[in-house]
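In: 3D, please:
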Amino acid sequence: MKLSRLTSIILPLLFLSIGCTQSQQSANSITPEQLKQKIDSHENMILIDVRTQQEYAGELGHIDGTVLLPVQDIASWISNYQNDKDKEIIMICRSGNRSGRATQYFLEHGFTDVYNMEGGMIAWNKAGYPIEK
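Out: Numbering: from 1, shown residues only. Alright, predicted model coming up:
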């Protein structure tokens, strides 16, 4: 009886916190389709791939024109972009998780136009868009 009552209290709170996290991420995300349109129309933006060197050169490949800057080193390379705080920056990773964290980190450091590519390179490849290896 006590476990059932505890579960009825905790589960709604858990779903509420998950929902808040997802809506926060989706507010600063871009789909692979939207990114492909921007690339095709030659929009001026910075593409940052936050995976490891092995992943970048690996099976999923990478998007032409991206800069490889592993997320684990973000504190050391974010300063290279201090003059780009108002430029559009797209973060990319394997699935959208690490790039989501990088997007949030940039937003917390005063960047205003930063987006996470939803689904990462898995989604990009699934859509059949071109890659480099």
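
In: Just list the residues touching the spatially closest residue to residue 57 that is not a sequence neighbour, thanks.
Out: Nearest residue to residue 57 in three dimensions, chain neighbours excluded: residue 133, at 6.3 Å (CB to CB, 6 or more residues apart in numbering). Every C-beta, even on glycine, is put in place using the N, C-alpha and C of the backbone. Listed by CB atoms under 8 Å, 6 or more residues apart in numbering, the contact set of residue 133 reads 57, 58, 61, 62.

In: How about residue 93?
Out: So residue 93 contacts 49, 50, 51, 71, 99, 102, 120, 121 (CB under 8 Å, 6+ apart).

In: Go again with 7 Å.
Out: If you count contacts by CB atoms under 7 Å, 6 or more residues apart in numbering, residue 93 has them with 50, 51, 99, 120.

In: Just say helix, strand or coil for the nearest residue to it once chain neighbours are set aside.
Out: Nearest residue to residue 93, sequence neighbours excluded (CB to CB, 6+ apart): residue 99, at 3.9 Å. Three-state assignment for residue 99 (DSSP: H, G, I helix; E, B strand; the rest coil): helix.

In: Distance of residue 99 relative to residue 36?
Out: Here residue 99 is placed at a distance of 16 Å from residue 36 (CB to CB, to the nearest Å).

In: the more surrounded of the two?
Out: A direct count of neighbours by other CB atoms under 10 Å for residue 99 and residue 36 places residue 99 higher, at 28 against 16.

In: Now that the more buried one has come up, it's in contact with residue 115, right?
Out: No - with contact defined as CB atoms under 7 Å, residue 99 does not count as touching residue 115 (9.0 Å).

In: confidence score at the residue nearest to residue 57?
Out: Here, the pLDDT recorded for residue 133 equals 92.

In: That one and residue 32, how far apart?
Out: Distance check for residue 133 against residue 32: by CB to CB, it reads 18 Å.

In: residue ranges with poor pLDDT in the protein?
Out: The chain contains residues with pLDDT under 70 at 1-27.

In: 90 - rerun?
Out: 1-27, 86 (pLDDT under 90).

In: Would you map the strands across this structure?
Out: Using DSSP state E, the strands of the chain run over 29-30, 46-49, 67-68, 89-92, 114-117.

In: Fine, thanks again, bye for now.
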